[in-house]
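Participant: Generate a structure from the sequence data that follows.
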Amino acid sequence: MSDDRDPVADLRRVAFLLERAHESTYRVRAFRTAAAVLARQPREELTRLALSGELVRLKGVGEVTARCVVESLTGEEPVYLRRLEATEATPLDEAAQALKDALRGDCHSHTDASDGGSPLREMVETARSLGHSYLVVTDHSPRLTVANGLSPQRLRAQLEEIGELNAELTDFRVLTGIEVDILDDGALDQEPELLDQLDLVVASVHSKLRMPRAEMTERMLTAVANPLVDVLGHCTGRMVTGNRKRPESEFDADRVFAACAEYGVAVEVNSRPERLDPPKRLLRLAVEAGCEFTIDTDAHAPGQLDWLGNGCERAVACAVPPDRVLNTWPVDRLLDRTRS
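Facilitator: Numbering: from 1, shown residues only. I've put the predicted structure just below:
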């Protein structure tokens, strides 16, 4: 056996790459669970179990993950990992890469406090490893029960957890936030006093997405005019891939984007592969309207935090000016904007 590789790190890397590739949750969970189980074992014990073929007797370790551990312990890159590394995405073109390099953080992410798959600390550690200087945590609001939305009490508890984590960090900021539901009448699904305490508020429509055009327009205009809103999330609500394909919501984009420009609400360029929202024709309209933007992953797992390139490609294709992308700004400038 060799000390050249860390089998737990290899398992976590596999999980990260699976998440980035948008593979099934159960497959990702198999590797993250095995990594967590094995991280509690001394290396000597891992070696003993590997040599005796008893790794699979540990609850949470299967044949595939055990094989990866054995290969790693012998100093070899696991075959499963090598295959994933060899099928990485096509590199970004120069302009998209330059925009991605300019991004300092991600303004839309979820943890296991709502419908994400990993705890706060793991999301933060991954964001740091990707070179971010901050991460905005935007778990869902209470009305979205299917996503385990946070009640006011649970959100306050999360704010305390973020405060404690920030006290440990010296080169990174965890910013407080929420993805708050825009209700049918345009009101926001959380206590205004609590929203006012947050660093950044993303407001999104998640219900009655087939509302008639005129009603949806007024609903969105009401939300955009609310001084507590900083970002309009995935504005059409569309789904373009997978089993949940869904057409765009219908609204007067000219009026909504004009309101975003007037009230200083950024339009989100959502990087999730199944969303890629707004569509390019609407993204160009938002540029022409003078809007500002955020390019966000809407990540629900650590590996998904590496999806920013999707949004950067679309932003460059639609001539989004980099200086109008809020997450290219230093964090203090961003906070001056969102707290004003």
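
Participant: State which helix of this protein is the longest.
Facilitator: Ordering each helix of the chain by length in residues (DSSP state H) puts helix 152-168 first.

Participant: Quick one: distance of the helix or strand just after it to the chain centre.
Facilitator: Later in the chain than helix 152-168, the nearest helix or strand by DSSP states H and E is strand 173-181. The chain centroid and the centroid of strand 173-181 are separated by 11 Å, computed with CA atoms, centre = their mean, to the nearest Å.

Participant: Quick one: mean pLDDT over strand 173-181.
Facilitator: Across strand 173-181, pLDDT averages out at 98.

Participant: so what secondary structure elements neighbour that strand?
Facilitator: strand 134-137, helix 152-168, strand 200-204, helix 331-339 (3 or more CB pairs under 8 Å, 6 or more residues apart in numbering; DSSP states H and E). No exception for glycine: its C-beta is placed from N, CA and C like everyone else's.

Participant: Kindly recompute the last result at 7 Å.
Facilitator: Counting contacts by 3 or more CB pairs under 7 Å, 6 or more residues apart in numbering; DSSP states H and E, the secondary-structure elements packed against strand 173-181 are strand 134-137, helix 152-168, strand 200-204.

Participant: which of those is buried the deepest?
Facilitator: strand 134-137 (a mean of 28; mean count of other CB atoms under 10 Å).

Participant: Tell me the buried residues in stretch 267-287?
Facilitator: Buried positions in stretch 267-287, judged by neighbour count with 16 or more other CB atoms under 10 Å: 267-272, 274-279, 282-283, 285-287.

Participant: so of those, which ones are in helices?
Facilitator: When DSSP H is applied, these are split such that 282-283, 285-287 fall in helices.

Participant: Pick out the most distant pair among the residues you listed.
Facilitator: Based on CB to CB, the longest span within those runs between Leu282 and Val287 and measures 9.9 Å.

Participant: does Ile178 really touch Gln190, like I thought?
Facilitator: Yes - under the criterion of CB atoms under 7 Å, Ile178 is in contact with Gln190, at a separation of 6.3 Å.

Participant: Settle it for me: which of these two has more neighbours?
Facilitator: Neighbour count, other CB atoms under 10 Å: between Ile178 and Gln190, Ile178 has more, with 28 against 24.

Participant: Next, work out how far apart the more buried one and Pro279 are.
Facilitator: Between Ile178 and Pro279 the distance, using CB to CB, to the nearest Å, works out to 25 Å.

Participant: try His132
Facilitator: Taking CB to CB as the measure, His132 and Pro279 are separated by 27 Å.

Participant: again with Gly309
Facilitator: When distances are taken as CB to CB, Gly309 and Pro279 turn out to be 18 Å apart.

Participant: Give me the contact list for stretch 158-174.
Facilitator: Where contact means CB atoms under 7 Å, 6 or more residues apart in numbering, the residues beyond stretch 158-174 that reach it are 113, 120-121, 124, 128, 133-135, 137, 139, 150, 176, 331.

Participant: Any chance of TSV for those residues, columns distance to Leu194?
Facilitator: Formatted as TSV, the entries for these read as follows, by distance: CB to CB, whole Å:
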residue	distance to Leu194
Ala113	15
Leu120	18
Arg121	23
Val124	22
Arg128	27
Ser133	26
Tyr134	21
Leu135	20
Val137	14
Asp139	13
Leu150	10
Thr176	10
Val331	22
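
Participant: which of these sit farthest apart?
Facilitator: By the measure CB to CB, Ser133 and Leu150 form the most distant pair in those, at 25.0 Å.

Participant: So between the two, which is more surrounded?
Facilitator: Each of Ser133 and Leu150 has its neighbours counted (other CB under 10 Å); Leu150 has more, 23 against 15.

Participant: The more buried one: what's it in contact with?
Facilitator: Residues in contact with Leu150, defined by CB under 7 Å, 6+ apart, are 113-114, 139-142, 158.

Participant: Scan these and report the most crowded one.
Facilitator: Within the contacts of Leu150, most neighbours by other CB under 10 Å means Ser141, with 29 neighbours.

Participant: so what pLDDT did that one get?
Facilitator: Confidence at Ser141, expressed as pLDDT, is 98.

Participant: wait, doesn't it sit right on Gly149?
Facilitator: Yes - when contacts are counted by CB under 7 Å, Ser141 is listed as touching Gly149 (4.9 Å).

Participant: hey, where'd the helices end up in the stretch 101-250 of the chain?
Facilitator: With helices called from DSSP state H, counting those that start in this stretch, the stretch 101-250 of the chain shows them at 120-129, 152-168, 192-195, 213-224.

Participant: Any chance of these in TSV with mean pLDDT and distance to Ala15 as columns?
Facilitator: As requested, the helices of the stretch 101-250 of the chain are exported to TSV (pLDDT from 0 to 100; distance: least, CB to CB, whole Å):
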stretch	mean pLDDT	distance to Ala15
helix 120-129	97	10
helix 152-168	98	21
helix 192-195	98	33
helix 213-224	98	36
